[in-house]
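>>> Prediction below, plus the sequence it came from.
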Amino acid sequence: MTETSTVSTTRFDRGFELLRTVGGPAAERFVDGLADIAPDLARLTVEFGYGDIYSRPGLTLPQRQLINVGALTALGTAAPQLRFHIDGALNVGVTPAEIVETIIHMSVYAGIPAALNGLTVAKAAFADRPDAENPIVLAEMSPEETLAQRYDRGLDALNRIDGEAGHQVVASLADIAPDMARYIIEFAFADVYSRPVLDLATRELITIAACTAMGTAAPQLRVHLHGFLNVGGTRTEAVEAITQMAGYAGFPAALNGIAAAREVFAARDAEADSE
Amino acid sequence: MTETSTVSTTRFDRGFELLRTVGGPAAERFVDGLADIAPDLARLTVEFGYGDIYSRPGLTLPQRQLINVGALTALGTAAPQLRFHIDGALNVGVTPAEIVETIIHMSVYAGIPAALNGLTVAKAAFADRPDAENPIVLAEMSPEETLAQRYDRGLDALNRIDGEAGHQVVASLADIAPDMARYIIEFAFADVYSRPVLDLATRELITIAACTAMGTAAPQLRVHLHGFLNVGGTRTEAVEAITQMAGYAGFPAALNGIAAAREVFAARDAEADSE
Amino acid sequence: MTETSTVSTTRFDRGFELLRTVGGPAAERFVDGLADIAPDLARLTVEFGYGDIYSRPGLTLPQRQLINVGALTALGTAAPQLRFHIDGALNVGVTPAEIVETIIHMSVYAGIPAALNGLTVAKAAFADRPDAENPIVLAEMSPEETLAQRYDRGLDALNRIDGEAGHQVVASLADIAPDMARYIIEFAFADVYSRPVLDLATRELITIAACTAMGTAAPQLRVHLHGFLNVGGTRTEAVEAITQMAGYAGFPAALNGIAAAREVFAARDAEADSE
């Protein structure tokens, strides 16, 4: 294909180069696989998904791959694409351990079945790469830790990450399901958020992407937008992650995510002004 | 089975005739497949799904099949039923190209993975009908079109379809994610809505069905109810499409869709009164 | 493994014993299957899912299994886990007929495709247990019943179960989609809720779990929380069912379910005070 000055070729070329970076040999297979039924969808995916969205600044390719892995695990309806993006993550330098941690992280937001089914896809992907690094991560355990200590450790993490918004969630459960609050502190924060390999900002970025894609977790999306900004994430990164979901979960999901971000940013601006 | 005057037989007979029209030989297979585990669910599906819902006036069988194809593609959780209704669409005169366009249209509302997985099902269905028409549709491309022209073309389409409601969406993004607004105009409207084969009213009808079924897109459902009425759709057709979703995505989805329709119709009545 | 006094071992041991009660030989297979990719997720599932959640008082093991079967059927994204919990239900004394009824019940809340796909999983599970009881349940039919009688029978059931909240739903449809109201009364209440094998409280408990897990049915979740309490369910059971969903559909789903419960309990308290 000779380089021309037309817009569509430019977007396509830029997109296809990126698709090849991410997908490797699967890039050609993707385009070929649609040739006999919907070649235009291949073109639109390359132009919009890669030429427009993926080529944007604001997030690195490994970040973009990790949020895809998280969101597609959470959705639970797109195993072939999850496989593509697990391979893609490996292709752009993400480690197997980071992929596995991302999937485990999803157990909090989409449930344990979603995480288990995501791991089944990851296992198949790793099996096809015998030279891939060991994916196994074991959280450090303190066998002598008491339940009270675990609770305190979780509460510390909750404080550090979600701050005021997290406390409101816990407080709101006191008169109806106090054990739910305890599980948030213990399972979500002491067990999962405290795991190694992914830093807190990455965990919150993946959470933002997954809650946006699922479309059923608006209050939690707001809490974790606050959390992401609390642990050093930027508004630009949050908006980028939400924007990327337009391609993976549709425009309604992304638009409703942006609406949540607008609320959170306004709340933080108002608080900053009043200080 | 001898004809009797009982209500249930009547609904069953009416439903089964319709199921046979849509499903062809798959109709019997459907009923037989449940005989050893839940024969009553086969009966209820025939009576309620076909005897009650499908036999209603207000939408044609091809329209009913297209919104099923769209909604089941968007849900992403019902591949066997998507296959049944792709076959059913072909059986009642829908063309392969219309089916493919419906699935591509879903990339906007449920994401590109949902569309890709829908196409995988369509491909298998078409492969079993060697005499089916060619499904391939290529949108007309103007290789000399500039980004600015594409944007203007998308904006024209947005104006024509979603009017005021579409503009509010775009305006609301200006201060937080202006590129999301650009993607709506360029990808959703210049690329997808402007494609051939399906007219705008059909695209909006499918959008209404899919947003109802997903249950995660209430603001967008309202926008596209306006859009559907703007491009010549009727309130009756909209209510019919939403009602049909009770069978495919459950009563909560349909009831929440009706609530959105009520809001939109009231808003339009109020505006008409004030003019 | 020798018994120690550490917290984690205790939670793990308690959880694993319960997992073994539910899963039988599948319990070991579950843990082994994660050993080479994410052994910590196996540990967390045992500790949190079984040691914390499943071992709670408030619901019996058969109740816990039935709501899992219902919720995983409704989600439609977790066939392997649905299979595990159908086997698990049989292991703790649930009958095949109760499982089938639970799945049929889901056709109202998640659509007929969800129910059909759930039955496919159940069929495979029953096939592997040749000695399982016959799953077939046939609702008593009155072949002479007229449509009007069926409607009255459904309305009686609606009155008994959802009371005022159900009537508001029906009334709200009168000016826009009166046939939707008729289908609720006829299909949901005369056909499905009136079926044998599961009592009304069990049907409503499963409905609460499924609406919580789907996360797209907040108004209906409130209606059926009222319904559950109207037919003899307790607030504790409702909160338990919602809490359990944290493990199967994620914390956002459970937290939003608790928010609905808080509203319903407050409304009932306010009404009790005003009487």
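Looks like it arrived, so ask away. Numbers count the residues shown, from 1 in each chain, chains lettered A, B, ... in the order given.

>>> only C-alpha atoms for contact and neighbour calcs from this point on.
OK.

>>> The stretch 1-150 of chain A: helices as residue ranges?
A:7-23, A:25-33, A:39-44, A:61-75, A:79-91, A:96-110, A:112-127, A:147-161 (DSSP state H, counting those that start in this stretch).

>>> which helix of chain A spans the most residues?
helix A:251-273 (DSSP state H).

>>> that older thread, go through the helices of the stretch 1-150 of chain A and name the closest to residue C:20.
helix A:112-127 (17.5 Å; Cα to Cα).

>>> which helices and strands does the closest one pack with?
On a contact count with 3 or more Cα pairs under 8 Å, 6 or more residues apart in numbering or on different chains; DSSP states H and E, helix A:112-127 meets helix A:61-75, helix A:79-91, helix A:96-110, helix C:235-249.

>>> Export these to CSV and append columns for mean pLDDT, distance to chain B and mean neighbour count.
Formatted as CSV, the helices and strands packed on helix A:112-127 follow (pLDDT from 0 to 100; distance: least, Cα to the nearest Cα, whole Å; neighbours: other Cα atoms under 10 Å in any protein chain shown):
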stretch, mean pLDDT, distance to chain B, mean neighbour count
helix A:61-75, 97, 9, 27
helix A:79-91, 96, 6, 22
helix A:96-110, 96, 15, 26
helix C:235-249, 96, 15, 24
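
>>> Could you dump those into TSV with distance to residue A:132 added?
Converted to TSV, these look like this (distance: least, Cα to Cα, whole Å):
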stretch	distance to residue A:132
helix A:61-75	16
helix A:79-91	8
helix A:96-110	7
helix C:235-249	30
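
>>> sorry, back to before: and of the helices of the stretch 1-150 of chain A, who's closest to residue A:239?
helix A:61-75 (12.4 Å).

>>> Run the chain-centre distance for stretch A:191-210.
9 Å (Cα atoms, centre = their mean, to the nearest Å).

>>> Show residues contacting it.
Here stretch A:191-210 makes contact (Cα atoms under 8 Å, 6 or more residues apart in numbering or on different chains) with A:63, A:66-68, A:70-72, A:74-75, A:97-98, A:101-102, A:104-106, A:108-109, A:137, A:139-140, A:154, A:157, A:161, A:221, A:224-225, A:227-228, A:231-233, A:237-238, A:241-242, A:245, C:44.

>>> Now that stretch: buried residues?
A:191-195, A:197-198, A:200-210 (16 or more other Cα atoms under 10 Å in any protein chain shown).

>>> Residue C:38 is nearest to which of the helices and strands packed on helix A:112-127?
Per Cα to Cα, nearest to residue C:38 of the helices and strands packed on helix A:112-127: helix A:96-110, 6.9 Å.

>>> How about that closest one and chain C, any contact?
Yes. Contact between helix A:96-110 and chain C, assessed by Cα under 8 Å from any Cα of the partner chain, occurs at A:100, A:104, A:107-110.

>>> now swap in stretch A:218-227 and tell me
Yes. Stretch A:218-227 lies within reach of chain C by Cα under 8 Å from any Cα, at A:219-220.

>>> Let me know whether that stretch sits next to chain B.
No. Using Cα under 8 Å from any Cα, stretch A:218-227 never reaches chain B; the gap is at least 10.1 Å.

>>> Check the offset of that stretch from the chain's centre.
14 Å.

>>> And for stretch A:76-94?
12 Å.

>>> Just the residues contacting that stretch, thanks.
With Cα under 8 Å, 6+ apart, stretch A:76-94 has contacts from A:21-24, A:26, A:61-62, A:65-66, A:68-69, A:72-73, A:95-96, A:99, A:114, A:117-118, A:121-122, A:125, B:76-77, B:113-114, B:117, C:77-78.

>>> Is residue A:216 part of a helix or strand, or is it coil?
coil (DSSP: H, G, I helix; E, B strand; the rest coil).

>>> low pLDDT regions in chain A?
A:1-9 (pLDDT under 70).

>>> Around chain C, which positions in it sit nearby?
Residues of chain A that fall close to chain C, judged by Cα under 8 Å from any Cα: A:76-77, A:100, A:104, A:107-114, A:117, A:119, A:123, A:135-139, A:143-147, A:173, A:176-177, A:180, A:184, A:187, A:191, A:216-217, A:219-220.

>>> Now restrict those residues to buried residues only.
For the residues of chain A next to chain C, buried by 16+ other Cα under 10 Å: A:76-77, A:100, A:104, A:107-114, A:117, A:119, A:123, A:135-137, A:173, A:176-177, A:180, A:184, A:187, A:191, A:216-217, A:220.

>>> Excluding chain neighbours, give the residue nearest to residue A:72 in space.
Nearest non-adjacent residue to residue A:72, counting by Cα to Cα, 6 or more residues apart in numbering or on different chains: residue A:82, 5.7 Å away.

>>> wait, residue A:28
Excluding the flanking residues, the one nearest residue A:28 by Cα to Cα, 6+ apart is residue A:20, at 7.7 Å.

>>> what's the burial count for the one you found?
When neighbours are counted by other Cα atoms under 10 Å in any protein chain shown, residue A:20 registers 16.

>>> tell me the angle the longest helix of chain A makes with helix A:235-249.
Here helix A:251-273 runs at an angle of 160 degrees relative to helix A:235-249 (axes from the mean of the first three to the mean of the last three Cα atoms, to 10 degrees).

>>> What is helix A:251-273 packed up against?
Using 3+ Cα pairs under 8 Å, 6+ apart as the test, helix A:251-273 ends up in contact with helix A:200-214, helix A:218-230, helix A:235-249, helix B:96-110.

>>> What are the buried residues along it?
Residues of helix A:251-273 classed as buried by neighbour count (16+ other Cα under 10 Å): A:251-262, A:264-265.

>>> who's in contact with that helix?
A:212-215, A:218, A:221-222, A:225-226, A:235, A:238-239, A:242-246, B:108-111, B:173, B:176-177, B:180, B:184, B:216-217, B:219-220.

>>> just how off-centre is stretch A:51-62 within its chain?
Averaging C-alpha positions (Cα atoms, centre = their mean) puts stretch A:51-62 14 Å from its chain's average.

>>> Next, the buried residues of it.
For stretch A:51-62, burial by neighbour count (16+ other Cα under 10 Å) applies to A:51-55, A:58-59, A:61-62.

>>> Nearest to residue A:13, out of those: which one, please.
Nearest member of the buried residues of stretch A:51-62 to residue A:13, counting by Cα to Cα, is residue A:51, at 7.6 Å.

>>> ok, residue A:221 touching residue A:215?
No. Using Cα atoms under 8 Å, residue A:221 is not in contact with residue A:215; the gap is 9.2 Å.

>>> Look up phi and psi at residue A:216.
phi -120, psi 10 (degrees, to the nearest 10).

>>> What is the burial count for the nearest residue to it once chain neighbours are set aside?
Ranked by Cα to Cα, 6+ apart and with sequence neighbours excluded, the top spatial neighbour of residue A:216 is residue C:215, at 5.3 Å. Neighbours of residue C:215 under the rule other Cα under 10 Å: 22.

>>> got the contact list for residue C:215?
Taking Cα under 8 Å, 6+ apart, one finds A:216-217, C:253, C:256-257 in contact with residue C:215.

>>> Using a markdown table, please lay out those residues together with distance to residue A:129.
Output for the contacts of residue C:215, formatted as a markdown table (distance: Cα to Cα, whole Å):
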| residue | distance to residue A:129 |
| --- | --- |
| A:216 | 35 |
| A:217 | 35 |
| C:253 | 36 |
| C:256 | 40 |
| C:257 | 42 |
